[in-house]
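Asks: how does the following fold in three dimensions:
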Amino acid sequence: MTVPPEQGLSLATDFPDATYAQWQQLVAGVLRKSGKEPDDSAPESALTTALSDGITVRPLYTRDDAPAAAPGPLPGSGPFTRAATPEGNAAHGWDVRQRHARPDAAGTREAVLADLENGATSVWLTLGQGGLPVGELAAALDGVYLDLAPVVLDAGDAFEAAARELFALHDALGTAAPPAAGSALGADPLGWAARTGEHARVAGLREAAARLAGECAGTRPGVRTYVVDALPYHEAGASPAQELGCALATGVAYLRDLTASGWTVAAACEQLEFRYAAGADQFTTVAALRAARRLWARVVEVCGGPESAGAQRQHAVTSPVMLTRRDPWVNMLRTTVATLAAGVGGAQAVTVLPFDHALGLPDAFARRIARNTSGILLEESHLGGVIDPAGGSWYVESLTDELARAAWAWFQEIERAGGAAAALRDGLVAERLEESWAARSAALAHRREPVTGVSEFPLLEEELPVREPAPAPPSGGLPRVRRDEAFEALRARSDAHLAATGSRPRVFLAALGPAAEHTARAAFVGNLLRAGGIEPVHDPVTVEPADAGEAFTRSGAKAACLCGGDERYGREAAATAAALRAAGAREVLLAGRPAADRAEEYRAAGIGTYLHAGGDAVAVLSALLDLLEVS
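Replies: Below is the predicted model:
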């Protein structure tokens with residue numbers, strides 16, 4: 001029904017438009033109320049967030065912030081920022097591609113068939129070191145309709161032998177049932193060298209991959225020979241732009257191999273699939289996938305290929321780096337957000353790693369949850385029904401542009417160093433990734449990048465699910481890192497102490513004053529201590545300075561932490577600390593940052609360390625475990 005304006009339903013038309021300057025004034029007012037003195041010329045600068053790659057995220061974006069060309073041409077048109085094909089994932093959704101790395105054929109077959117019968121649409125098999133023996137491929141795929149279900153191989157340096165095994169299965173089907181489109185042989189000599197450090201064999205493997213591609217193109221249409229796998233770089237600590245730049249340089253190297261063998265640029269591009277990590281930072285993942293397509297389209301354009309050849313095929317995998325060993329159930333939430341981001345970003349195939357991936361081989365329940373994550377997003381949330389839903393967002397378009405520029409600069413640096421193979425062999429890639437991971441590790445240690453269930457809100461009493469050990473993956477090259485590794489090492493020390501003594505290391509919380517004064521700091525300290533596997537104890541909840549020593553003795557702890565307000569500290573901290581020291585406390589800590597003029601007084605009373613937000617939690621907890629004689 002249309003309502004004429006004269007009937008008075010003008011809604012917002014009677015209100016003046018808000019201006020950017022008015023919004024800035026409101027921001028400044030809120031900041032002042034919170035105790036911060038903002039920059040009057042740009043008060044919103046206090047609300048910015050620094051990402052890696054030199055990118056800063058602002059709290060508000062306007063049309064002036066988006067690149068001039070955004071959102072760009074329609075999906076399926078170069079530079080393919082919006083989607084590689086005109087229909088995107090709207091027609092059939094993305095390919096639900098589940099990974100299998102069991103070392104036995106019978107177990108793999110059972111898991112593969114269960115996945116394909118319950119929502120998965122393709123199979124990703126790890127073969128050789130870290131997975132199933134190549135010779136058992138036929139047994140593992142027994143009963144799989146290879147003309148319906150694409151198979152993607154990941155066999156490291158054994159890619160040619162694995163391809164022969166798969167070819168034999170295809171040939172057994174006969175010409176009436178060609179292999180399903182989307183099948184891939186997974187040849188990635190440079191990715192294998194990044195994993196293993198065996199650079200001397202790279203040239204020979206690249207020649208073998210080019211020969212295999214030539215054989216495959218004429219007789220097995222729809223089967224791609226190469227995968228440009230960015231996971232070795234992501235798992236070594238690469239930033240998003242570094243991951244994109246390494247993938248771009250690797251793709252260019254394979255493009256050169258094929259065109260040197262007489263391939264056209266368009267035909268060579270048909271042999272490549274690109275694999276990227278999808279993280280729980282949904283906007284960065286969306287922007288990275290969009291930027292990756294734009295960058296590859298530019299490479300193909302420069303190489304003289306037709307526009308259609310620049311449509312990059314993408315396989316997104318939920319990040320192994322973000323998956324935790326402690327509180328693994330939270331990984332279900334992480335992978336859900338990452339899968340959503342991969343779908344919004346336009347990946348044609350998505351692999352959801354099971355929530356127990358970091359603990360070993362996943363069980364049937366974990367695999368079910370993983371494949372159903374895509375099922376819910378596709379069938380119930382209809383996420384694939386809209387192409388590039390983030391397109392046109394001033395923030396996403398700006399972030400896409402910044403990531404693309406940073407990745408291109410890194411790609412150019414790799415090219416100046418002689419290309420992907422040389423940059424890997426000579427240590428340039430390892431050096432840059434190490435720098436990136438060091439910066440991120442510092443953010444993790446200081447809890448500026450929180451990890452729920454690990455560095456924030458850990459549960460000391462949790463019982464972790466027990467899984468079969470996963471086969472050892474290839475190693476010797478770039479390291480494999482995890483966000484939880486520093487805190488995991490602390491928790492492992494505590495677990496060993498518990499197994500040896502029957503109890504965890506303890507710290508007594510000496511709560512001063514009424515609950516309103518000490519609750520916030522006591523909760524902060526308790527959360528921090530648990531992140532290191534240390535049990536906080538307080539008996540009673542509030543202590544008086546004269547009774548602190550007796551309460552400490554009852555607690556069975558060897559160290560104590562004062563928790564209260566700054567004014568209360570001025571009156572009671574020194575006396576309470578002295579009582580705790582007299583009762584045998586090896587260390588007395590204090591929650592918060594008290595006034596500087598009290599520092600000397602507190603030191604004299606035996607207060608050694610302040611626990612506050614922004615401190616190096618890993619270093620403090622490690623030193624505390626040393627003090628508590630936890631090896």
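
Asks: quickly note the distance from A163 to S441.
Replies: Distance, A163 to S441, by Cβ to Cβ, to the nearest Å: 39 Å. From N, CA and C alone the C-beta is placed, and that goes for glycine too.

Asks: more neighbours: which of the two?
Replies: Just comparing A163 and S441: by other Cβ atoms under 10 Å the higher neighbour count belongs to A163, 26 against 17.

Asks: so how far is E270 from that one?
Replies: 17 Å.

Asks: just the helices in the stretch 201-350 of the chain please.
Replies: Listed in chain order, the helices of the stretch 201-350 of the chain (DSSP state H, counting those that start in this stretch) span 202-219, 231-234, 240-260, 265-269, 282-302, 330-345.

Asks: other residues contacting stretch 414-429?
Replies: With contact meaning Cβ atoms under 8 Å, 6 or more residues apart in numbering, stretch 414-429 is reached by 190, 193-194, 199, 202-203, 233, 245-246, 249-250, 252-253, 413, 430, 477-478.

Asks: hmm, try it at 10 Å
Replies: Residues from elsewhere that reach stretch 414-429 (Cβ atoms under 10 Å, 6 or more residues apart in numbering): 189-191, 193-194, 197, 199-200, 202-203, 206, 228, 232-233, 236, 238, 242, 245-254, 256, 410-411, 413, 430-432, 434, 477-478.

Asks: pull that stretch out as PDB, backbone CA atoms only.
Replies: Output of stretch 414-429 as PDB, limited to C-alpha atoms (Å, rounded to 0.1, in the frame of the first residue of the first chain):
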ATOM      1  CA  ILE A 414      59.600 -12.100  -4.300                       C
ATOM      2  CA  GLU A 415      60.000 -11.600  -8.000                       C
ATOM      3  CA  ARG A 416      62.900  -9.300  -7.500                       C
ATOM      4  CA  ALA A 417      64.600 -12.000  -5.500                       C
ATOM      5  CA  GLY A 418      64.300 -14.400  -8.400                       C
ATOM      6  CA  GLY A 419      60.900 -15.800  -8.000                       C
ATOM      7  CA  ALA A 420      59.100 -18.200  -5.600                       C
ATOM      8  CA  ALA A 421      61.700 -21.000  -5.700                       C
ATOM      9  CA  ALA A 422      64.700 -18.600  -5.100                       C
ATOM     10  CA  ALA A 423      62.900 -16.700  -2.400                       C
ATOM     11  CA  LEU A 424      62.200 -20.000  -0.600                       C
ATOM     12  CA  ARG A 425      65.600 -21.400  -1.100                       C
ATOM     13  CA  ASP A 426      67.500 -18.300   0.000                       C
ATOM     14  CA  GLY A 427      65.500 -17.800   3.100                       C
ATOM     15  CA  LEU A 428      63.600 -14.600   2.200                       C
ATOM     16  CA  VAL A 429      60.200 -16.100   2.700                       C
END
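
Asks: and that stretch, which residues are buried?
Replies: Using 16 or more other Cβ atoms under 10 Å as the test for burial, stretch 414-429 gives I414, E415, A417, G419, A420, A421, A422, A423, L424, R425, L428, V429.

Asks: so the second one: helix, strand or coil?
Replies: This means E415. helix (DSSP: H, G, I helix; E, B strand; the rest coil).

Asks: distance check, it against V202.
Replies: E415 sits 17 Å away from V202, going by Cβ to Cβ.

Asks: got it, and the fifth one?
Replies: For A420, the distance to V202 under the criterion Cβ to Cβ works out to 10 Å.

Asks: identify the contacts common to the two.
Replies: L190, A193, A194, A253.

Asks: reformat those as CSV; add neighbour count.
Replies: Output for these, formatted as CSV (neighbours: other Cβ atoms under 10 Å):
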residue, neighbour count
L190, 27
A193, 25
A194, 28
A253, 20
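
Asks: quick check, nearest of the residues you listed to T351?
Replies: Nearest to T351, judged by Cβ to Cβ, of the shared contacts of A420 and V202 is A194 at 19.3 Å.

Asks: then the helix or strand that contains the closest one to CSV, C-alphas only?
Replies: Using DSSP states H and E, A194 sits in helix 189-196. The C-alpha trace of helix 189-196 is given here as CSV (Å, rounded to 0.1, in the frame of the first residue of the first chain):
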residue,chain,number,x,y,z
PRO,A,189,56.4,-28.8,-5.9
LEU,A,190,57.0,-25.3,-4.4
GLY,A,191,54.6,-25.9,-1.6
TRP,A,192,56.3,-29.3,-0.9
ALA,A,193,59.7,-27.6,-0.8
ALA,A,194,58.3,-25.0,1.6
ARG,A,195,57.1,-27.8,3.9
THR,A,196,60.3,-29.9,3.7
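
Asks: next one: that helix to chain centre, how far?
Replies: 21 Å (Cα atoms, centre = their mean, to the nearest Å).

Asks: for the shared contacts of A420 and V202, work out which two are farthest apart.
Replies: Using Cβ to Cβ, the pair of these lying farthest apart is A194 and A253, separated by 12.1 Å.

Asks: need the overlap of contacts for those two.
Replies: Residues touching both A194 and A253 (Cβ under 10 Å, 6+ apart): V202, A420.

Asks: re the thing from before, in TSV, list the buried residues of stretch 414-429 along with secondary structure and distance to G310.
Replies: Formatted as TSV, the buried residues of stretch 414-429 follow (DSSP: H, G, I helix; E, B strand; the rest coil; distance: Cβ to Cβ, whole Å):
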residue	secondary structure	distance to G310
I414	helix	20
E415	helix	18
A417	coil	25
G419	coil	20
A420	helix	19
A421	helix	23
A422	helix	25
A423	helix	23
L424	helix	25
R425	helix	29
L428	helix	27
V429	helix	25
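
Asks: would you check which pair of those lies furthest apart?
Replies: E415 and R425 (14.6 Å).

Asks: so R405 is in contact with D53, correct?
Replies: Yes: applying Cβ atoms under 10 Å as the test, R405 and D53 come out as touching, 9.3 Å apart.

Asks: related to what we said a few turns ago, got the angle between the helix holding A194 and helix 240-260?
Replies: Angle of helix 189-196 versus helix 240-260, following axes from the mean of the first three to the mean of the last three Cα atoms, to 10 degrees, is 140 degrees.

Asks: show me what helix 189-196 is packed up against.
Replies: Counting contacts by 3 or more Cβ pairs under 10 Å, 6 or more residues apart in numbering; DSSP states H and E, helix 189-196 packs against helix 202-219, strand 224-229, helix 231-234, helix 240-260, helix 420-425, helix 428-445.

Asks: may I see these arranged in JSON lines, with distance to L333 and mean pLDDT as well?
Replies: Conversion of the helices and strands packed on helix 189-196 to JSON lines gives the following (distance: least, Cβ to Cβ, whole Å; pLDDT from 0 to 100):
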{"stretch": "helix 202-219", "distance to L333": "38", "mean pLDDT": "93"}
{"stretch": "strand 224-229", "distance to L333": "26", "mean pLDDT": "97"}
{"stretch": "helix 231-234", "distance to L333": "20", "mean pLDDT": "98"}
{"stretch": "helix 240-260", "distance to L333": "21", "mean pLDDT": "98"}
{"stretch": "helix 420-425", "distance to L333": "35", "mean pLDDT": "98"}
{"stretch": "helix 428-445", "distance to L333": "18", "mean pLDDT": "97"}
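
Asks: to A585, which of those lies closest?
Replies: Evaluated over the helices and strands packed on helix 189-196, closeness to A585 peaks at helix 428-445, with 25.7 Å, by Cβ to Cβ.

Asks: list the buried ones in the next helix or strand after the closest one?
Replies: Using DSSP H and E, the helix or strand that follows helix 428-445 towards the C-terminus is helix 485-501. By 16+ other Cβ under 10 Å, the buried positions in helix 485-501 come out as A486, F487, E488, L490, R491, R493, S494, H497, L498.

Asks: again, but for stretch 468-481
Replies: Buried positions in stretch 468-481, judged by neighbour count with 16+ other Cβ under 10 Å: A470, P471, P474, G477, L478, R480, V481.

Asks: and it, average pLDDT?
Replies: Averaged across stretch 468-481, pLDDT comes to 96.

Asks: and for stretch 265-281?
Replies: Stretch 265-281 carries an average pLDDT of 97.

Asks: what ranges do the helices span in the stretch 501-631 of the chain?
Replies: 515-531, 548-555, 566-582, 599-604, 617-627.
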